[in-house]
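# A predicted structure for the sequence below; I have some questions about it.
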Amino acid sequence: MDNFDSFGFENDFDDAGDEQFYFNNIGSHRDSTLFLVDCSPSMFVKPETEERTLFEKCMKAVQNMYQHKIYGSDKDLLGIVFFGTKENNTGEDFPHIYSLQSLDQPSAERIKEIERFSSNFDFKYFRSEYGNSNEFSLDKVFWWCSNMFSSVTQKLDTRRIVLFTRKDQPHSENKTLEKLAKNKAKDLYDIGIVLEVVPVVLMGEEFDYSKFYADALMLSEEDIKMLPDPSENFEELEKTVRSKDHKRRPYTHLKLNLSDDLAISCSVFNLVRECPKPSKIKLDKKTNVETKTVTRRYNPDTGEILFASDTKLALDIFDRRVTFEEDEIKSIKRFGNPGLKVLGFKDLKAIKPYMYIKPGHFLYPDEKSVQGSTTLFRALLEKCLEKEKFILCEIITRVNTPPRLVALCAQKEEIENKIQTMPPGFQVLYLPFADDIRQIDRVVKAKTNPEAVDLFTKCITKLRFKYNPENFKNPALQKLWFEIEAIALAREETEKVEDLTLPDNDRVEKRAGLFLDQISREFNLPDKLASKSKRKNDDTHGILVKKTKNNENIDVAAEAKAGRLEKLTIPILKEFMKENKINAKGTRKDDLIKEIKSYLNL
């Protein structure tokens with residue numbers, strides 16, 4: 001559990017719940033990332049099983065990151081710099097460096113420019129316009145990147161350089177340039193610029209960090225051992241880049257008060273939440289400019305505009321109006337300062353599944369606010385795991401939020417394939433109040449058939465699988481973003497959406513087909529099960545299509561004489577009125593039936 005400062009959290013969306021967190025000058029929440037791409041000749045080779053060069057794969061990963069930023073955080077700044085080129089647009093002091101895109105917000109035009117290098121790459125054009133060379137100085141490259149960050153006038157929360165390269169020792173023959181590059185990398189660290197390296201190698205090749213980047217990135221031997229094999233992760237280059245781009249951004253910082261004179265500082269994160277659709281933006285139909293909503297209050301008697309100071313909150317109590325000042329309202333809502341107060345410890349068995357009432361949060365130590373918080377936090381975490389206890393706390397997330405009872409459940413760190421899958425810390429679980437849980441006295445005992453129970457149990461056991469929410473993307477959101485992307489990039493076709501929420505009928509039949517047949521024979525349900533197994537997906541978007549019956553030729557006049565007009569649908573009635581040129585005086589079904597009966601003299 002020593003890896004308390006190595007993992008990141010991704011929170012691209014603000015919390016949309018009722019209880020917003022109290023922010024405490026966490027930052028501007030505007031990140032900046034500069035993609036540094038090696039253009040030396042070794043980057044333009046093709047893997048045996050690939051049609052694209054290493055350089056094209058890197059640019060495709062950069063393009064996907066641009067599109068990902070537009071979806072999640074379009075206020076972030078992104079830029080691209082080539083190094084190892086013969087041409088340069090950065091001046092004589094910075095040779096072999098070409099600044100392709102300055103730090104700016106992602107847009108459709110910038111993505112189209114990247115597509116020239118990721119999808120429709122022409123090496124002859126690239127060699128004539130940019131060229132490639134091994135005569136570059138990484139010291140100058142880092143210096144130019146630092147100047148690009150300095151030229152940004154907006155306040156940035158994080159500054160990051162993501163370096164794509166195949167060389168694990170860029171200046172193996174020049175120790176002077178190597179020393180200058182290492183010193184400049186340390187200077188970047190001192191001024192708050194994070195340098196991340198994404199090795200791009202062929203299958204079977206090694207990338208030895210100890211030759212150069214261990215010193216440049218200040219990595220220990222243990223840190224190098226924790227890094228994944230770059231050749232194995234090359235096929236998942238996009239995921240590797242995203243993991244480098246994870247934001248270490250908490251929603252807020254709260255103090256965990258262990259006693260009246262002892263407290264540690266913790267950062268609060270939201271690890272998992274629902275991904276909503278983007279909110280609609282209202283535009284003026286004439287100018288296509290975004291409109292703003294302005295709310296004003298008027299005096300109903302005089303029509304005079306009222307300001308905030310002219311209105312007060314009031315309650316009518318026993319025919320008497322009681323008014324409240326603004327300070328009084330604030331004091332009524334205030335229950336205490338934001339923070340966590342320890343009330344005691346209880347067994348984990350006391351937490352039941354039915355106590356879940358809302359999504360929780362995650363606690364992690366914050367060493368910057370209170371020194372020594374990490375040490376005490378670790379000791380508390382280890383003891384809770386050892387004793388199988390949870391911490392009962394009172395939490396106030398912001399100034400005007402009422403207190404709630406929460407359980408801090410210890411979570412152990414988990415690592416798979418040298419990648420941290422579960423960070424160490426405390427899960428914050430909201431506990432219900434007494435009136436949040438209903439007591440149901442009525443118990444209905446259903447008659448069970450032991451043979452049927454055993455049959456269904458075997459069927460369910462065969463259909464079980466390990467569930468992970470990251471394996472199932474929302475098809476509606478995917479389709480929405482693909483449509484917006486196609487419009488923005490002027491594409492004629494959209495990417496196909498694969499609906500992973502639909503059952504895999506072939507696999508179901510293979511694993512549990514025998515038991516399903518037995519259930520069908522046992523309960524006489526062959527038609528129902530067969531109809532479910534024969535459902536097909538929509539060929540265009542992979543979305544399940546609900547089949548509807550076609551409207552057959554119905555004699556409306558005969559149905560009217562038989563007194564069955566009420567059973568017909570509104571579209572059928574309207575079609576009959578349109579064919580006979582009957583003017584409808586209303587849109588309700590009763591109005592349409594009345595007009596048809598009048599026309600037929602019924």
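Everything's here; your move. Residues are numbered from 1 along each chain as shown.
# quick one, domains of this structure?
26-243, 249-437, 450-535, 556-599 (automatic domain parsing).
# Identify the residues contacting the strand or helix carrying residue 362?
If you go by DSSP states H and E, residue 362 is part of strand 361-365. Contacts to strand 361-365, defined as CB atoms under 8 Å, 6 or more residues apart in numbering, come from residues 4, 9, 250-251, 256, 264-271, 340, 373-374, 377-378, 408, 411, 423, 425-428. To be clear about C-beta, it is placed using only N, CA and C from the backbone, and glycine gets the same treatment.
# just to revisit the earlier point, which one of the domains of the chain lies closest to residue 444?
domain 450-535 (16.7 Å; CB to CB).
# Flag the shaky bits of the stretch 1-150 of the chain, pLDDT-wise.
1-29, 72 (pLDDT under 70).
# now do 90
1-31, 40-54, 56-76, 86-94, 106-109, 111-112, 115-129, 131-136 (pLDDT under 90).
# Strands of that one, start to end?
31-38, 77-83, 97-104 (DSSP state E, counting those that start in this stretch).
# Do I have it right that residue 226 meets residue 418?
Yes. Using CB atoms under 8 Å, residue 226 makes contact with residue 418 at a distance of 5.3 Å.
# These two - which one has more neighbours?
residue 226 (15 against 10; other CB atoms under 10 Å).
# quick one, strands of the stretch 401-550 of the chain?
404-411, 414-416, 419-422, 425-430.
# among these, which is the most enclosed?
strand 425-430 (a mean of 22; mean count of other CB atoms under 10 Å).
# Just put the domains of the chain in JSON lines and tack on distance to residue 443.
JSON lines is the format used below for the domains of the chain (distance: least, CB to CB, whole Å):
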{"stretch": "domain 26-243", "distance to residue 443": "48"}
{"stretch": "domain 249-437", "distance to residue 443": "16"}
{"stretch": "domain 450-535", "distance to residue 443": "18"}
{"stretch": "domain 556-599", "distance to residue 443": "42"}
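# Please tell me I have it right and residue 155 contacts residue 30.
Yes. Contact criterion CB under 8 Å: residue 155 and residue 30 qualify, at 6.9 Å.
# How about the contacts made by residue 193?
145, 146, 149, 159, 160, 161.
# measure residue 441 to residue 54 for me?
Here residue 441 is placed at a distance of 68 Å from residue 54 (CB to CB, to the nearest Å).
# who's more crowded, those two?
residue 54 (23 against 4).
# and residue 71, how many residues sit next to it?
For residue 71, the neighbour count with other CB under 10 Å is 16.
# got it, and residue 455?
17.
# Next, the contact list for it, please.
515, 518, 519, 522.
# Among the contacts of residue 193, name the buried ones.
Neighbour counting over the contacts of residue 193 (16 or more other CB atoms under 10 Å) leaves 145, 146, 149, 159, 160, 161 as the buried ones.
# thought the third one was touching residue 81?
No. Proximity of residue 149 to residue 81 does not meet the contact threshold set by CB under 8 Å, at 11.4 Å.
# what sits in contact with each of these two?
residue 34.
# Would you list the phi and psi of residue 203?
When quoted as degrees, to the nearest 10, the phi and psi of residue 203 stand at phi -60, psi 130.
# Now do the closest residue to residue 456 other than its chain neighbours against residue 462, distance only.
Nearest in space to residue 456, with sequence neighbours left out and distances taken as CB to CB, 6 or more residues apart in numbering, is residue 519 at 7.1 Å. When distance is defined by CB to CB, residue 519 is 12 Å away from residue 462.
# pLDDT score assigned to residue 527?
Per-residue pLDDT puts residue 527 at 50.
# burial of residue 180, as a residue count?
So residue 180, with other CB under 10 Å, has 18 neighbours.
# which ones are touching it?
137, 139.
# host element of it?
Secondary structure from DSSP H and E places residue 180 in helix 175-190.
# Just name the most buried of the domains of the chain.
domain 26-243 (a mean of 17).
# now it, how far from the centre of its chain.
In this view, domain 26-243 has its centroid 24 Å away from the chain centroid, taken as CA atoms, centre = their mean, to the nearest Å.
# now swap in stretch 476-487 and tell me
15 Å.
# got the contact list for that stretch?
67, 71, 275, 277, 491, 492, 493, 494, 495, 497, 541, 543.
# Fine by me, we can end here.
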